[in-house]
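Participant: heads up, no residue letters with this:
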């Protein structure tokens, strides 16, 4: 075999390998595209998760629908400090028994249109123990529970329920705000709660708080405060509609988040977002 024939065969074989690689990559791309059509498999783009990557009507849109030519205006804009902070994230979807739909009418058929609130919690044990519970099917409505997101001690943000869904983060609960007392009864067999208009975020409890129910513990890490502020900075929920489980609870049993430095959190939140001057739609 002369050199010319040998070179031709090598080139032919190389082209076959290239064609196979291209075909495999194309197939993988199609698979990934198909996976992202399933909300349970979708991954945040560019490695950065944010609320805007989910159907977000309950958290950001004004009450009246707007056309594409006249999109809703945000009450807040994120800052340069926000863009410089990039927490790690994980996806750990809760079992479907542990969350539900947000309702436009309460259990008695009355239309509800509460503006969103954010409720802060703590896990009471490790983050993994909370995830294990949320991912376990529960047929008993009295034990079903979930948060939309939780933040580990190292600042990792774990997404467990999409924002457009109703997480079961607070059972018997009422939010006392500028518009008076707000709560929604979505189940005739259970007390009313804030879940229908709440976004629930939980901080992982430090280990010294796992085995006691004292009102204080060693507190949360710097990374947790930064990630919490980063997450909430992406919302249009104003400061006066950010609250705690302790504040909304009406069972007289919830005291979380314990040892939470509210002013420290607000200072960071204000570093990560600024008001745009748009008036809030009431």
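Facilitator: Thanks, I have the structure now. This structure is a prediction, so every number in the text was calculated from the model and none was measured.
Participant: the domain parsing of this protein - what is it?
Facilitator: According to the domain assignment given by automatic domain parsing, the chain is divided into the following structural domains: 1-37, 51-275.
Participant: would you turn these into TSV with mean pLDDT and mean neighbour count?
Facilitator: Placement of C-beta: from N, CA and C, glycine included. Output for the domains of the chain, formatted as TSV (pLDDT from 0 to 100; neighbours: other C-beta atoms under 10 Å):
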stretch	mean pLDDT	mean neighbour count
domain 1-37	44	10
domain 51-275	90	17
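Participant: mind checking the end-to-end distance for stretch 150-157?
Facilitator: 6 Å (C-alpha to C-alpha, to the nearest Å).
Participant: Touching stretch 235-250 from outside, list them.
Facilitator: 51, 59-60, 74-76, 115-121, 169-170, 172-178, 191, 194, 198-199, 232, 254-257, 260, 266, 269, 280 (C-beta atoms under 8 Å, 6 or more residues apart in numbering).
Participant: can you check stretch 109-118 too?
Facilitator: Outside stretch 109-118, the residues that touch it by C-beta under 8 Å, 6+ apart are 58-59, 63, 103-106, 175, 177, 182, 184, 194, 196-201, 232, 235-237, 241-243, 280, 282.
Participant: which residues touch residue 170?
Facilitator: Counting by C-beta under 8 Å, 6+ apart, residue 170 makes contact with 119, 193-195, 198, 200, 245, 248-249, 254.
Participant: These in strands, which ones?
Facilitator: In this view, those that belong to strands under DSSP state E are 119, 198, 200.
Participant: Between the residues you listed, which sits nearest residue 146?
Facilitator: Closest approach to residue 146 among the ones in strands among the contacts of residue 170 (C-beta to C-beta): residue 200, at 7.5 Å.
Participant: show me the contacts for the closest one.
Facilitator: Shown in contact with residue 200 (C-beta under 8 Å, 6+ apart): 118-119, 121, 146-149, 161, 167, 169-170.
Participant: ok, residue 120 - contacts?
Facilitator: By C-beta under 8 Å, 6+ apart, residue 120 lies in contact with 201-203, 228, 242-245, 256-257, 260.
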